[in-house]
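> Take this sequence and fold it.
(2 chains)
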Amino acid sequence: MLSRVAESLFWTSRYIERAENVARLLDIGLNLELDAGVQAGPGDSSPVELALSILASRESFQAGNPGADRTAVLEYLTFDRRSPQSILGMVSRARENARSTQEVIGVDVWRQINRLYLYLGGQRARRRFVASPSGFYTAIKESCILFEGLIQNTLPRDEVYHFLQLGRYLERVDIMGRILHARCQSRIEPPDPTSGETGLDLVRWTGLLRSCSAYGTYLRSERDRIEPVGVIRFLVLDPDFPRAIRFCVARCRESLKEIVGGDDDEVASSAERLLGRLESELRYIDVAEIFDRGLLPFLDGIQTTCRRVGEEIQRTFFLV
Amino acid sequence: MLAPQVSEDTALFGRYRLAAYDEMFDPRGRPRAHYRALHDRLLRLGPEELDRRHRLADLSMRQQGITFTVYGRDQGVERIIPFDPIPRLVDADEWLTIERGLQQRVRALNLFIRDVYHDRKILRDRVVPPELVFGASGYRRECVGLRVPRDVYMHVSGIDLIRGEDGRFLVLEDNCRTPSGVSYVLKNRQVMKQVFPALFEQHNVRPVDDYTDNLLAMLRWIAPPGCDDPAIVVLTPGVHNSAYYEHSFLARQMGVELVEGRDLVLDRGQVFRRTTRGLQRVDVIYRRIDDDFLDPLTFRTDSLLGVPGLIAAYHAGNVGLANALGTGVADDKGIYPFAPDIIRYYLGEEPILGNVETFRPLVPSHRQHILANLDRLVVKAVDASGGYGMLIGPASTREQREEFARKIEQNPRGYIAQPTIQLSRHPTFIDGSLDGRHVDLRPFVLYGEEIQVLPGGLTRVALPEGSLVVNSSQGGGTKDTWVLRGAENA
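Down below sits the predicted model:
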């Protein structure tokens, strides 16, 4: 496949994945703020504002919106074309990339991304957003999932598919790392597994699980009440849950292997080597060890690997 | 001017007035024979149902991103070409004339290009003035003596036809370089089938779907000798080009890669594309980039769209190009008036399709006539297209006419003039009812092992009332064109 096309595919699905996660963050943030008292705590960001930190957009937001409120944050992260991290910003870049790959992704996948883009820029989206923000974000989420569903159900498992997968799962590792990092940092100290959880904390951890569509699955698999260690174990180390970091790293490595080809014993690219090492670490590490080493440094390490994998993919496939 | 005779339901045709040559109605307001079934069907559907289906068609196009880019304002805005849901019908006999006429014209123009770059017999025999050929903006010195595979230059052409007041089809313009619009022909048909399935059952419409198969077969045919399974690509200037959708559509339909200049690289005279598995060879390029931008080493050095060294590879016979280089000499508007003579010269036949009467300012008597009648003529710059650089006399201001008069006197070779022709009109869905609008027709011709005319074509319609400009860049829309199968070959 053309290197240019491969690069566009990779970024198309990265941007759509990011857009979906921004919608998830804002939706759950809004939901949490409706529970009285959640914003309390000096130095604590409100859940919606936390999204600004997760997306590294706090400074750019404050530059354009002095003394702004929740609505301004939502507006900025949803419709502001100037903000590179807004849903509309993401979707339009995804579309720009997809435009140059129409002949390989097929009519259905292209149309879905185009529909989402046209919807977001139109009046209907505005009215929905005002009438029911939650309904609006759900629609965005579902639209992104439909994009992925069409990829799954209309594309053959060739290079096109695997570059799309690679972009999606690498982005998901990245954003999950950021979300967990921000969630744990805002409490200044990493959660102490021995301390009793207050009702407020419970709401927040539950919110985190819900934003990842993980609440029910967590309860079934951990058979336990919601507590920080369990949540971290589940969202980082679970091998089967599709938004858990370990699961996503494994999908990245699989797709990369398919792209590179070659036999199983041979490691053909540095990106594959990096992913393989991360995957086996996630497979064999115990959650207690993560906390021993420090949760934040551990998450930092994942972010670093993610960035390096991205750079290696760029070097190996896109800059021929 | 009278209203057509419509039976019970007058809402749909209530505002309809006959003018010019009407495609659907005869001068007495009765539907022409091949339009009767459609006319009845439209009456039964009624304005509301038509409106609903029109919006359906519009939405479908928008969601599929079937757009083109308008240059100028806001550095390129994406739009869909307005699509009119009333199909334009061409009956079998009339189509046969068009088909033969186009085959004849394309064959002759191709011989003309070959001659101009080799023996120049037609110039020596004084049939076409050499200064017009060498002064044409599409003439390429680099092509002199260059043998192209199978002596075919204009593999893909789009010849614009109009129908004057007497109902005869005439050639208005030849497009021999990189004509666009065929993707709309195919897409319009798809959308019409979704929106008006029952209409198709009542008509015996010739399919257009095999165009891309034929295009692919032609591209394979021009591969360098000894190349059994040629790697074919479509070369586009990129996503910001106005016809990008078409480039992508054609690549997709043919199952070949769509490349930009930066995806290609030359190595020892061979063209390669950059892929995730290294460099891979390219044998045939369907290029949708103009000559000037194709290779910065040969043509414009500031071009970032092209591929350095491509022309050398072409000269060496290592890659096939469609269309060949230098075909612009055949569609120059300065050459256009000579097309009938070109046909007679090479083929010894009378032209089947005529030209529009054309005056050339280079001829003193013509110049006098033009300058005295600017308010009634259409003046065109010979090297412009897309409806740019034109003066439409009856719709012009005094300042515009004075400006063109000056230009014509300064540069008589740069312009031609034609009488303002009332293009034929066709019922078109405007604000909830049908009204007559002027149309033209661009059929597409492929020159491979044989010369094939796509049975259909792009019917362009000038949407503003009374307007004669059908170009999409000037507010024109499109219609699906149905070529009907005759009784004998049904």
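> what comes up buried for stretch B:256-274?
B:256-261, B:263-266, B:270-274 (16 or more other C-beta atoms under 10 Å in any protein chain shown). Glycine gets a C-beta too; all of them are placed from N, C-alpha and C.
> What is the nearest of those residues to chain A?
In terms of C-beta to the nearest C-beta, no member of these lies closer to chain A than residue B:274, at 4.2 Å.
> Tell me which residues touch the closest one, please.
Counting by C-beta atoms under 8 Å, 6 or more residues apart in numbering or on different chains, residue B:274 touches A:2, A:3, A:4, A:320, B:263, B:264, B:265.
> again, but for residue B:198
Contacts of residue B:198 (C-beta under 8 Å, 6+ apart): residue B:41.
> Surely residue A:112 and residue A:150 touch.
Yes: Residue A:112 is within contact range of residue A:150, at 5.5 Å (criterion: C-beta atoms under 8 Å).
> These two: who's more crowded?
The neighbour comparison of residue A:112 against residue A:150 (other C-beta atoms under 10 Å in any protein chain shown) goes to residue A:112, with 23 against 19.
> Please determine how far the more buried one is located from chain B.
Distance check for residue A:112 against chain B: by C-beta to the nearest C-beta, to the nearest Å, it reads 9 Å.
> Contact partners for that residue?
A:143, A:146, A:147, A:150.
> excluding its backbone neighbours, what's nearest the third one?
Going back to what we said before, that points to residue A:147. residue A:112 (4.9 Å; C-beta to C-beta, 6 or more residues apart in numbering or on different chains).
> Tell me, what's the model's pLDDT at that neighbour?
With respect to pLDDT, residue A:112 scores 95.
> That one - that's part of a strand, no?
No: under DSSP: H, G, I helix; E, B strand; the rest coil, residue A:112 falls outside any strand and is assigned helix.
> measure it to residue A:142 for me?
11 Å (C-beta to C-beta, to the nearest Å).
> re earlier: just among the contacts of residue A:112, which is most surrounded?
Result: residue A:147 is most packed of those (other C-beta under 10 Å), 29 neighbours.
> quick one: contacts of the host helix or strand of that one?
Here residue A:147, judged by DSSP states H and E, is contained in helix A:133-154. Outside helix A:133-154, the residues that touch it by C-beta under 8 Å, 6+ apart are A:13, A:16-17, A:19-20, A:23-24, A:26-27, A:30-31, A:74, A:87, A:105-106, A:108-109, A:112-113, A:115-116, A:119-120, A:125, A:128-129, A:161, A:164, A:168.
> Can you pick out the ones from these that are in helices?
Using DSSP state H, A:13, A:16-17, A:19-20, A:23-24, A:26-27, A:30-31, A:74, A:87, A:105-106, A:108-109, A:112-113, A:115-116, A:119-120, A:125, A:128-129, A:161, A:164, A:168 are the members of the contacts of helix A:133-154 that sit in helices.
> what helices or strands is the worst-scoring helix or strand of chain A on mean pLDDT leaning on?
Between all helices and strands in chain A, the lowest mean by mean pLDDT, DSSP states H and E belongs to helix A:199-211, at a mean of 79. Applying 3 or more C-beta pairs under 8 Å, 6 or more residues apart in numbering or on different chains; DSSP states H and E, one finds that helix A:199-211 makes contact with helix A:3-34, helix A:159-185, helix A:215-222, helix A:228-232.
> Let me have those in JSON lines, adding mean neighbour count and distance to residue B:25 as columns.
Shown next, in JSON lines, are those (neighbours: other C-beta atoms under 10 Å in any protein chain shown; distance: least, C-beta to C-beta, whole Å):
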{"stretch": "helix A:3-34", "mean neighbour count": "23", "distance to residue B:25": "50"}
{"stretch": "helix A:159-185", "mean neighbour count": "23", "distance to residue B:25": "51"}
{"stretch": "helix A:215-222", "mean neighbour count": "15", "distance to residue B:25": "67"}
{"stretch": "helix A:228-232", "mean neighbour count": "21", "distance to residue B:25": "75"}
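> need the contact list for residue A:49.
Each residue near residue A:49 by C-beta under 8 Å, 6+ apart is listed here: A:29, A:58, A:70, A:73.
> Name only those of the residues you listed that count as buried.
Neighbour counting over the contacts of residue A:49 (16+ other C-beta under 10 Å) leaves A:29, A:58, A:73 as the buried ones.
> quick check, nearest of these to chain B?
For the buried ones among the contacts of residue A:49, the minimum distance to chain B (C-beta to the nearest C-beta) is 29.2 Å, reached by residue A:73.
> Can you classify the nearest residue to that closest one once chain neighbours are set aside by secondary structure?
Leaving aside its chain neighbours, residue A:73 sits nearest to residue A:48 (5.3 Å; criterion: C-beta to C-beta, 6+ apart). Residue A:48 carries the three-state label helix when classified by three-state DSSP.
> Please consider this matter closed, and thank you.
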